[in-house]
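**Q** Fold the following, please.
(one chain, ligands or ions: 2)
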Amino acid sequence: MPTAPLALIAELTHRCPLRCVYCSNPLELRARSEELSTETWVRAFEEAAQLGTLHVHLTGGEPLARSDLTPLVLAARSAGLYTNLITSGIGLNEKRLSSLVEAGLDHIQLSFQDAEESSANTIAGCSAHAQKVAVARLISETRLAFTVNLVVHRRNLDRLEEIISFAERLRPHRIEIAHVQYYGWALRNREALLPTLDQVQESVAVVERAKERLKGIKIDFVTPDYYAAFPKPCMGGWARLLMVVDPSGKALPCHAAGVIPGLKFENVKEKSLRWIWEESSSFRRFRGEDWMPEPCRTCERRTQDFGGCRCQAFLVTGDAAATDPVCSLSPHRHLIEAVLERINLSPLAGDIGSSAEPGAGNVKALDTDLALRQRWAYRTNPAGVWERPEL
Ligand code: SF4
Ligand code: FES
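**A** Numbers count the residues shown, from 1 in each chain. Ligands and ions are numbered 1, 2, ... in the order given. Alright, predicted model coming up:
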């Protein structure tokens, strides 16, 4: 039997007041009418705790779009789970924050798109930056453990030093600087987001200097795996540490697994979390090493990176069981090299504005053309029309 998942990633909703161009949510977003009830989430949290899970990450979309967020935090905490809220902060005020703290929330991760307001708002597709700064001040005055999430890419990486200084002034305990990962909307916008090699190398030096300077704040840094020699151990290995439940109750081994054809995902409305984790075919499909092809099957790194990412393997090679193509040992590495060559031989000049219409650039295949690199595709709401949700 597999050991229990360390954490449950609860995607409470896909509704969100932001529409970031690198959103990791799937292109097919779940509608509000499909969302799980409070009672079903509470049962899922209890089942997770009984299974031996320690953490719940409450995420979305924007989890604050759920009016029952406080009771959900209370239920998760009462079940014995460590509760982490991953949020844009939009919809959080002093009163709501106090109620979340009283309900037992342990940790909050607040995301920023940039240090510079107009650039941050362009990426987010709405005016959110000033509100986020105000929310950060409120959070820093509570007992909550506080992480500032900074998402970096080719359009803001040259300002990383300034962005880290900005984050430092928000008084977090930890700063997580994560490069965009190429799934969902980010894959659609990959050609406009992937940095050059020079940018990546300079950013590593900037982060090293910041770590030296900021002794009191922990800094975690995730570089783009396209430039790595070996892949990331995605999700800590398929169905090994983490379990995702989407807003409609579908349980997935990772947030992007829905892109892989042929997998059947069970719903927490119909099956217990324990059965899904231990028995379901989708969780068992790439668990362990039996599924691995060469070169992974005999590679000494297979217990460290678990063959990389199944979703990336599918999205780039068309075969979810292939070695992750970012691996330098993969027979498909040339597909990644071709992307890097395009990016590094013809980098975009300066910061290009957005076309800003919701859903602009309905690109079906991966963008390969410079013109497409100069406009964004923004995520849309499930109805295909952008509306601000009621918060
Ligand atoms: Fe990891 Fe497979 Fe590459 Fe080895 S061959 S480093 S196990 S992805
Ligand atoms: Fe699905 Fe990596 S995102 S396995």
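
**Q** Going along the chain, name the helices of the chain.
**A** With DSSP state H, the ranges of helices along the chain come out as 38-51, 69-78, 94-103, 117-124, 129-140, 160-169, 184-188, 190-193, 197-213, 273-279, 281-285, 302-305, 310-317, 333-345.

**Q** Output the fifth one as PDB, restricted to C-alpha atoms.
**A** Put plainly, it is helix 129-140. The C-alpha coordinates for helix 129-140 follow below in PDB (Å, rounded to 0.1, in the frame of the first residue of the first chain):
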ATOM      1  CA  HIS A 129      -1.600  45.300  -7.200                       C
ATOM      2  CA  ALA A 130      -2.500  48.100  -4.800                       C
ATOM      3  CA  GLN A 131      -5.100  46.000  -3.000                       C
ATOM      4  CA  LYS A 132      -2.600  43.200  -2.600                       C
ATOM      5  CA  VAL A 133      -0.100  45.500  -1.000                       C
ATOM      6  CA  ALA A 134      -2.700  46.600   1.500                       C
ATOM      7  CA  VAL A 135      -3.600  43.000   2.200                       C
ATOM      8  CA  ALA A 136       0.000  42.100   2.800                       C
ATOM      9  CA  ARG A 137       0.200  44.800   5.500                       C
ATOM     10  CA  LEU A 138      -2.900  43.300   7.200                       C
ATOM     11  CA  ILE A 139      -1.400  39.800   7.100                       C
ATOM     12  CA  SER A 140       2.000  40.900   8.500                       C
END
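
**Q** can you give me the angle that helix makes with helix 94-103?
**A** Relative orientation of helix 129-140 versus helix 94-103 (axes from the mean of the first three to the mean of the last three Cα atoms, to 10 degrees): 40 degrees.

**Q** what angle sits between helix 129-140 and helix 160-169?
**A** 40 degrees.

**Q** List the buried residues of stretch 175-186.
**A** 175, 176, 177, 179, 180, 181, 182, 183, 184, 185, 186 (16 or more other Cβ atoms under 10 Å). C-betas here are computed from N, CA, C, even on glycine.

**Q** I'd like the average pLDDT over it.
**A** For stretch 175-186, the mean pLDDT works out to 93.

**Q** do the same with stretch 325-332
**A** Predicted confidence along stretch 325-332 averages 97 (mean pLDDT).

**Q** let's number from 49 now, not from 1
**A** I'll keep to 49 as the first residue from here, and by that count the last item is stretch 373-380.

**Q** ok, residues contacting it?
**A** Stretch 373-380 is contacted from outside by 273-274, 276-279, 343, 347, 353, 356, 360-361, 364-365, 370-372, 381, 383-384, using Cβ atoms under 8 Å, 6 or more residues apart in numbering.

**Q** ok, it near ligand 1 or not?
**A** Yes: remark: stretch 373-380 sits within contact range of ligand 1 at 375, 377, by Cβ under 6 Å from any ligand atom.

**Q** now the residue nearest to residue 145 when sequence neighbours are not counted: how far from residue 156?
**A** Excluding its sequence neighbours, the residue lying closest to residue 145 (Cβ to Cβ, 6 or more residues apart in numbering) is residue 186, at 5.4 Å. To residue 156, residue 186 is 10 Å away according to Cβ to Cβ, to the nearest Å.

**Q** neighbour-wise, which of the two wins?
**A** The residue with more neighbours, out of residue 186 and residue 156, is residue 156; 26 against 16, by other Cβ atoms under 10 Å.

**Q** Cross-check the contacts of stretch 373-380 against ligand 1 and keep the overlap.
**A** Contacts with ligand 1 within those, counted by Cβ under 6 Å from any ligand atom: 278, 279, 343, 347, 353, 356, 371, 372.

**Q** The first one - how many residues pack around it?
**A** Each residue near residue 278 was counted by other Cβ under 10 Å, and the total is 17.

**Q** Does it touch residue 350 like I think?
**A** No: look at residue 278 against residue 350 with Cβ atoms under 8 Å: they stay out of range, at 10.7 Å.

**Q** Which one of the ones next to ligand 1 among the contacts of stretch 373-380 is nearest to ligand 1?
**A** The closest of those to ligand 1 turns out to be residue 347 (Cβ to the nearest ligand atom; 3.0 Å).

**Q** what's the closest non-adjacent residue to the closest one?
**A** residue 377 (6.7 Å).

**Q** same thing with residue 237?
**A** Nearest one to residue 237, counting by Cβ to Cβ, 6+ apart, is residue 69 at 4.9 Å.

**Q** burial measure for the one you found, as a count.
**A** If you count neighbours by other Cβ under 10 Å, residue 69 ends up with 26.

**Q** Ok, residue 311 next?
**A** Residue 311 has 18 nearby residues by other Cβ under 10 Å.

**Q** so what's it closest to, chain neighbours aside?
**A** residue 330 (4.3 Å).

**Q** burial measure for the one you found, as a count.
**A** For residue 330, the neighbour count with other Cβ under 10 Å is 22.

**Q** just residue 185 next, same as before
**A** When neighbours are counted by other Cβ under 10 Å, residue 185 comes out with 11.

**Q** swap in the one 5 residues further on?
**A** By other Cβ under 10 Å, 15 other residues sit near residue 190.

**Q** Can you read off the pLDDT for the spatially closest residue to it that is not a sequence neighbour?
**A** Counting by Cβ to Cβ, 6+ apart, residue 190 lies nearest to residue 149, which is 5.3 Å off, once chain neighbours are set aside. For residue 149, the pLDDT comes out at 98.
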